[in-house]
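>>> Model the following, please.
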Amino acid sequence: MDKNRITLAIALCGAATLSGCGGDSSSSESGSAPSPEAEQLIDTYDVRAIDGYLRNAKVWLDLNEDCLHDVDTEPYAMSGEGGLAQIDVTGISEPDAYPIVVSALAGKTIDEDSPNEPISKDIVLTAPAGERAATPLSTMVQLYLQEASQGVTDPLQLEQLKKQAVIETAGQFGIAPEQVLGDFIAQDIVEVAFVARSLVETSLLPSSPEALQESMQAAKEGESNLEKNLSVVANMLKDTIESMPVEQLINSPSPLGGQLSDADRDLDGVPDALDAFPDDPNEFINTDDDDIGNSADLDDDNDGYLDDKDTYPTDARRAGDHDGDGIDSIDDPYPFDYDNDTYPDDIDQFDDDPNEWLDTDGDGIGDNSDLYPNDFDNDSYPDSEDAFDRDSSEWIDTDLDGIGNNADTDDDNDSYSDEQDNDPLVALVTPNDYQSCLDSLPHYQVDKMLLAVQMVNAIVSRVYR
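The predicted structure is shown next:
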């Protein structure tokens, strides 16, 4: 491959160690010792080099993650048919914990899409740890991952960052995240094959391991020039993918027209041929064609979702699933409403139940199915009238002693138990004088009348004796 004429910064290969995830894999054991007394087992790590399938490319396990091949310490293999390289990883306990690097050389490596002649320019590809296929897109994922993972060592966090890098790459090209990594030829993903072919034709990808190493350092310090250039190219390729039928993409040439001129008036690392703002060093792309560069634009794809809330900030056809209901927010009539009951999740007290959204009395039963929606303890006494709105066995406290009437043996607290008190809800009041005291006693007036009658009867009986 000709030397890349664009000065690019590519941070691709030094991502922190990740656990293995996906891709074609196999391991085999074969005897290699000539002596029958001892048999040495050889473990192989199968990796594929893909633009088309690349034969006779050098593939190595980058143990020290510097993107260079250390011949004495890092195992490698030359790829064969189908781009398959079987690397001897005997003695390496976790080969999927390291990135892989592929170096395809002009005049030596064969792209099986054009098997009659070797490739005409050098190309270096890489893939994150655990991946078994090095492609232009896996190289892009490694770029984003390298930039995002600085200082992160936790395996779960790293795995999450890798997923985010995949999503970011998918959004750039308008493809599905599950199409980004792996063997796109075996899976017959025409869109990815078109992207891979176009990226190689532009000569944007690194041409040597040294370029890869240099670019890795650039990514650690911020956005690399390669990231800028790939985002511009991705936007152009996305438009083609969206507008052209799949059957035409199969043999469609790159819309970029091959290798690009390196003229760059504003010295922002993006050649004028790709730069939407060739005289503005702070801008280089305008995804939504609104005359505001993406650096200043808060909604790059003009889909109504600000970039910091948009899972796919450069793809207007999708924005992510904000409410987790399985429907992308662009297509979701209620994008922040998981149960789609028209009540947003932030005010819906039952955000996973489309039949409920409010619990007025806070009893855990939605108002629509609550027999007493304003009665927390469901004792039929509304909370506004219930002296014990959290106790279904009590609702009134006549004497305000903190004990509900059902449990209180003296509801009016007049020292007469409810069983003895003719009026247990009205307390006796101490009279001011003796007669008033007598009058206030239960049945006193009745007893006084009976006594008077008895006295009259006694007098009458004596008179008529």
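>>> Could you list the low-pLDDT ranges of this structure?
The chain contains residues with pLDDT under 70 at 1-42, 257-260, 411-412, 418, 421, 428-453, 455-465.
>>> 50 - rerun?
1-39 (pLDDT under 50).
>>> so where do the strands sit in it?
For the chain, the strands defined by DSSP state E occupy 44-49, 54-55, 58-61, 76-78, 84-88, 100-104, 110-111, 123-127, 133-134.
>>> So for G404, which of these sits nearest?
Among the strands of the chain, the nearest to G404 by C-beta to C-beta is strand 123-127 (70.9 Å). C-beta coordinates here come from the backbone N, C-alpha and C atoms, glycine included.
>>> Which strands or helices does the closest one pack on?
strand 100-104, strand 133-134, helix 136-148, helix 209-220 (3 or more C-beta pairs under 8 Å, 6 or more residues apart in numbering; DSSP states H and E).
>>> Summarise which helices and strands the third one is packed against.
Okay, so that is helix 136-148. Using 3+ C-beta pairs under 8 Å, 6+ apart: helix 136-148 touches strand 123-127, helix 155-173, helix 190-202, helix 209-220, helix 225-243.
>>> Let's see the first one as PDB, backbone CA atoms only.
Presented in PDB, the C-alpha positions along strand 123-127 are these (Å, rounded to 0.1, in the frame of the first residue of the first chain):
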ATOM      1  CA  ILE A 123      -3.000  -1.800   5.300                       C
ATOM      2  CA  VAL A 124      -3.000  -2.500   9.100                       C
ATOM      3  CA  LEU A 125      -6.100  -3.700  10.900                       C
ATOM      4  CA  THR A 126      -6.800  -4.400  14.500                       C
ATOM      5  CA  ALA A 127      -9.500  -5.600  16.800                       C
END
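>>> and it, how far out from the chain's middle?
28 Å (C-alpha atoms, centre = their mean, to the nearest Å).
>>> if we compare the strands of the chain, which one ends up closest to A196?
strand 123-127 (9.6 Å).
>>> Make a markdown table out of the helices and strands packed on helix 136-148 and add mean neighbour count and distance to R318.
Shown next, in a markdown table, are these (neighbours: other C-beta atoms under 10 Å; distance: least, C-beta to C-beta, whole Å):
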| stretch | mean neighbour count | distance to R318 |
| --- | --- | --- |
| strand 123-127 | 29 | 25 |
| helix 155-173 | 20 | 8 |
| helix 190-202 | 23 | 15 |
| helix 209-220 | 20 | 26 |
| helix 225-243 | 21 | 12 |
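>>> Of all the ones you listed, which one comes closest to D363?
So among the helices and strands packed on helix 136-148, helix 155-173 is nearest, using C-beta to C-beta, at 38.3 Å.
>>> Contacts made by the closest one with the rest, please.
15-19, 21, 128, 137, 140-142, 144-145, 148-149, 152, 176-177, 179-181, 191, 195, 230-231, 234-235, 237-238, 241, 311-315, 318 (C-beta atoms under 8 Å, 6 or more residues apart in numbering).
>>> Show the buried residues in those.
15-18, 21, 128, 137, 140-142, 144-145, 148-149, 177, 179-181, 191, 195, 230-231, 234-235, 237-238, 241, 311-315, 318 (16 or more other C-beta atoms under 10 Å).
>>> Span of stretch 100-114 from start to end?
In stretch 100-114, first residue to last residue: 24 Å (C-alpha to C-alpha, to the nearest Å).
>>> Give the buried residues for that stretch.
Buried-residue list, stretch 100-114, by 16+ other C-beta under 10 Å: I100, V101, V102, S103, A104, L105, T109, I110, D111.
>>> do the same with stretch 268-285
268-271, 273-278, 283-285.
>>> Quick one: end-to-end distance for that stretch.
Span of stretch 268-285 from end to end, C-alpha to C-alpha: 12 Å.
>>> quick thing: my sequence starts at 15, can you match it?
Sure, I'll start numbering at 15, so the last one becomes stretch 282-299.
>>> and it, how far from the chain's centre?
With C-alpha atoms, centre = their mean, you get 32 Å for stretch 282-299.
>>> still on that earlier bit, could you export the buried residues of stretch 282-299 as TSV, including distance to Q201?
Formatted as TSV, these follow (distance: C-beta to C-beta, whole Å):
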residue	distance to Q201
D282	36
G283	33
V284	32
P285	33
A287	32
L288	29
D289	34
A290	33
F291	37
P292	38
E297	36
F298	33
I299	29
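>>> which two in those are spaced the farthest apart?
A287 and E297 (15.6 Å).
>>> which residues does V209 contact?
Counted by C-beta under 8 Å, 6+ apart, V209 has contacts P150, L151, F187, I189, A248, L251, I255.
>>> need these in CSV with distance to P132, can you?
Formatted as CSV, the contacts of V209 follow (distance: C-beta to C-beta, whole Å):
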residue, distance to P132
P150, 18
L151, 23
F187, 28
I189, 29
A248, 28
L251, 26
I255, 29
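>>> Which one of the helices and strands packed on strand 137-141 lies nearest to F402?
Across these, closest to F402 is helix 150-162 (C-beta to C-beta), at 55.9 Å.
>>> Tell me what angle that closest one forms with helix 239-257.
130 degrees (axes from the mean of the first three to the mean of the last three C-alpha atoms, to 10 degrees).
>>> which residues touch helix 150-162?
By C-beta under 8 Å, 6+ apart, the list of residues contacting helix 150-162 reads 24-29, 65, 113, 139-142, 145, 175-176, 178-180, 182-183, 186-187, 194-195, 198, 206, 209-210, 213-214, 219, 230, 233-234, 236-238, 240-241, 244.
>>> Quick check: the gap between T374 and L170.
41 Å (C-beta to C-beta, to the nearest Å).
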